[in-house]
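In: Everything below, folded, please.
(3 chains)
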Amino acid sequence: MADACIEWYDRNARDLPWRVPGTSAWAVLVSEVMLQQTPVVRVEPAWRSWLTRWPTPAALAADTPAEAIRMWGRLGYPRRAMRLHACAVALVERHGGEVPDDLDALLALPGIGTYTARAVATFAYGRRHPVVDTNVRRVVARAVNGLPDAGPTTTAADLVETAALLPADDARAARASIAFMELGALLCVARSPRCADCPLVARCAWRAAGAVPAQGPSRRPQGYAGTDRQVRGLMMAVLREAHGPVPRPRLDAVWPDEVQRARALAALVTDGLVEPVTDDATHFVLAGDRPPPATPV
DNA sequence: CAAACGTGGTG
DNA sequence: TCACCAAGTTT
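Out: Residues are numbered from 1 along each chain as shown, chains lettered A, B, ... in the order given. Got it, this is the predicted structure:
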């Protein structure tokens, strides 16, 4: 299975900048964090801008979280920008500004979880680890287990199952992992998979079973309009564009419901994305963007 | 462990 | 139009 996927990958892989040989581990790490729940097409330009401005962890660590949040733009989940900044600080403090290749050291970094740690160790350093994301889980669920889709989250069993598919050779195992992911992203997609072009079609357990579609509603609360998340997003957009401290009324203008506004703003402060400039909380800034105190003469 | 966490494109 | 989906992590 791995061989067929690698062969397909070699001919059909997208030409993505973070896959270019010689890409730094930091650049790979940044790409992986940006790609958490955000489509490739939106990540590409943001990734280029980010790495141009902050080519190393030390460069980012020397800047403010606010600048990271601004550079993050509209990628979504701005807490990822916060954590990426915190990650850069941790890399400087704990690893001399280098990205470690050790799984446990990677997992201990802010914003780096099971998937990202393995992705960095594998794609930046060629280590042999199962790399399991939503694409891989879908491919394995279908091709190996004959199911229409994978479960909602990655389990320990998923890691074991995927590890069993990896070639013995480290470099080839890494290639297999990226091939599984690419297959899930381009052909074995969630809706209307392109089985006709799939290198696994002849041995796919799901196809063999008749490619029965998933039953029942996928029941996930994906709604966005009217949620606190939307209100937070609107407020963050105002703060990103602002130069100086933003007066509370400008944040209030983004949403009619006062109760919800207050809740959203309080949550942003609690999360550390936003800070009140003064104790009276009449003005707000992005994290770390507090203006310097007036220098006494 | 379920829920929270942005944003925009698409069938 | 609107529900679904996109290289997850944290609490």
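
In: What values do phi and psi take at the closest residue to DNA strand B within the stretch 1-150 of chain A?
Out: Closest residue of the stretch 1-150 of chain A to DNA strand B, Cβ to the nearest atom of the strand: residue A:76 (2.0 Å). Heads up, the C-betas are built off the backbone N, CA and C, glycines and all. When read as degrees, to the nearest 10, the backbone of residue A:76 gives phi 90, psi 160.

In: Now it. Nearest residue, chain neighbours left out?
Out: Distances taken as Cβ to Cβ, 6 or more residues apart in numbering put residue A:38 closest to residue A:76, at 5.8 Å, once the chain neighbours are dropped.

In: contacting residues for that neighbour?
Out: Residues in contact with residue A:38 (Cβ atoms under 8 Å, 6 or more residues apart in numbering) are A:75-77.

In: Only the buried members of those: can you turn that into a ChimeraX selection?
Out: Of the contacts of residue A:38, the buried ones go into a single ChimeraX selection, burial set by 16 or more other Cβ atoms under 10 Å:
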select /A:75,76
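
In: The contacts of residue A:38: which ones sit near DNA strand C?
Out: A:76-77 (Cβ under 7 Å from any atom of the strand).

In: from the contacts of residue A:38, which is closest to residue A:171?
Out: Distance to residue A:171, by Cβ to Cβ, is smallest for residue A:75 among the contacts of residue A:38, at 30.9 Å.

In: helix, strand or coil for the closest one?
Out: coil (DSSP: H, G, I helix; E, B strand; the rest coil).

In: I figured it hits residue A:35, correct?
Out: No. The criterion here is Cβ atoms under 8 Å, and residue A:75 misses it with residue A:35 at 9.6 Å.

In: anything in contact with each of the two?
Out: residue A:43.

In: For DNA strand C, what is the nearest residue in chain A?
Out: The nearest approach of chain A to DNA strand C comes at residue A:113, 2.5 Å away (Cβ to the nearest atom of the strand).

In: Double-check that residue A:275 belongs to a helix.
Out: No. Residue A:275 is assigned strand when assessed by three-state DSSP, not a helix.

In: That one and residue A:285 touch, don't they?
Out: Yes. Contact criterion Cβ under 8 Å: residue A:275 and residue A:285 qualify, at 5.7 Å.

In: Count the residues that sit near the closest residue to DNA strand B within the stretch 101-250 of chain A.
Out: Using Cβ to the nearest atom of the strand, the single residue of the stretch 101-250 of chain A nearest to DNA strand B is residue A:233, 1.6 Å away. Neighbourhood size, residue A:233 [other Cβ atoms under 10 Å]: 17.

In: residue contacts, the closest residue to residue A:4 other than its chain neighbours?
Out: Take residue A:4 and drop its neighbours on the chain: the residue closest to it by Cβ to Cβ, 6+ apart is residue A:199, 4.3 Å away. Residue A:199 makes contacts with A:4-5, A:7-8, A:183, as judged by Cβ under 8 Å, 6+ apart.

In: which pair in these spans the largest distance?
Out: For the contacts of residue A:199, the farthest-apart pair by Cβ to Cβ is A:7 and A:183; their separation is 11.3 Å.

In: low pLDDT regions in chain A?
Out: Along chain A, the model assigns pLDDT under 70 to residues A:216-222, A:296-297.

In: Give the full set of residues in contact with the residue most central in space within chain A.
Out: Centroid-nearest residue in chain A: residue A:36, 1.8 Å away (criterion: Cα atoms, centre = their mean). By Cβ under 8 Å, 6+ apart, the contact list for residue A:36 reads A:77, A:80, A:115-116.
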